[in-house]
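# Below: sequence and its predicted model.
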Amino acid sequence: MTGKEFLNSLANGKSDILQELLVILSETDARYCVIGGLAVNAYVEPVVSLDVDIVIAVDDIEAVTASARKHEWKVECFEHSINIGSPDSDLRIQIQTDPRFQGFIAAAETGNILGYTMRVAALGDLLQGKVWAWMDETRRRSKRQKDLADILRLIEAFPELEAKLPQSLKKQLLEE
């Protein structure tokens, strides 16, 4: 079983929604990069998630959401994100609209995640995004714990990244 087949079987996919997303991004010439747990999988051993966190250049978001609607996907707007998804898959795609992430797009690199070729946030940017998520006390505790696990996965594989962690996070890691 390939990585794509595995992910689609977990997502109860009647269609390959991640590939469809990549087609939409290509058709609209959208500048983007994947962030979050899926992006961590480009750098370390994969952990399965049904969440796809992505940053799309502000000027390209409208074209991407219009194209998603043409593909009969659901589009829901929230304060700091736009969620898009297909009724043919349980995969959840969240477009992050927090302006802090826009700078990640320029430094993104092409990576391979579970057999998909896509733009992935640079390693340092990815760590920064995970730190921001972990520090956001309004997020559910379970989400923050997953962010912490992703941070640990990254610094175990790339120990030099530990120097970039805020002191409060270093302190918590030493206590565990």
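Cool, the structure landed. Numbers count the residues shown, from 1 in each chain.

# which outside residues touch the longest helix along the chain?
Looking across the chain with DSSP state H, the single longest helix is helix 141-157. Under the criterion CB atoms under 8 Å, 6 or more residues apart in numbering, residues 36-37, 40, 43-45, 47, 123, 126-127, 130-131, 133-134, 136-137, 139, 161-162, 165, 169, 172-173 lie in contact with helix 141-157. For glycine as for every other residue, the C-beta is placed from the backbone atoms N, C-alpha and C.

# Show the buried residues in the residues you listed.
Neighbour counting with 16 or more other CB atoms under 10 Å marks 36-37, 40, 43, 123, 126-127, 130-131, 133-134, 161, 165, 169 as buried within the contacts of helix 141-157.

# Dump these to JSON lines, plus distance to residue 84, secondary structure and pLDDT.
What follows is these, written out as JSON lines (distance: CB to CB, whole Å; DSSP: H, G, I helix; E, B strand; the rest coil; pLDDT from 0 to 100):
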{"residue": "36", "distance to residue 84": "15", "secondary structure": "helix", "pLDDT": "92"}
{"residue": "37", "distance to residue 84": "18", "secondary structure": "helix", "pLDDT": "91"}
{"residue": "40", "distance to residue 84": "21", "secondary structure": "helix", "pLDDT": "95"}
{"residue": "43", "distance to residue 84": "25", "secondary structure": "coil", "pLDDT": "95"}
{"residue": "123", "distance to residue 84": "26", "secondary structure": "helix", "pLDDT": "97"}
{"residue": "126", "distance to residue 84": "21", "secondary structure": "helix", "pLDDT": "97"}
{"residue": "127", "distance to residue 84": "26", "secondary structure": "helix", "pLDDT": "97"}
{"residue": "130", "distance to residue 84": "22", "secondary structure": "helix", "pLDDT": "96"}
{"residue": "131", "distance to residue 84": "26", "secondary structure": "helix", "pLDDT": "96"}
{"residue": "133", "distance to residue 84": "20", "secondary structure": "helix", "pLDDT": "94"}
{"residue": "134", "distance to residue 84": "25", "secondary structure": "helix", "pLDDT": "93"}
{"residue": "161", "distance to residue 84": "31", "secondary structure": "helix", "pLDDT": "95"}
{"residue": "165", "distance to residue 84": "32", "secondary structure": "coil", "pLDDT": "94"}
{"residue": "169", "distance to residue 84": "31", "secondary structure": "helix", "pLDDT": "86"}
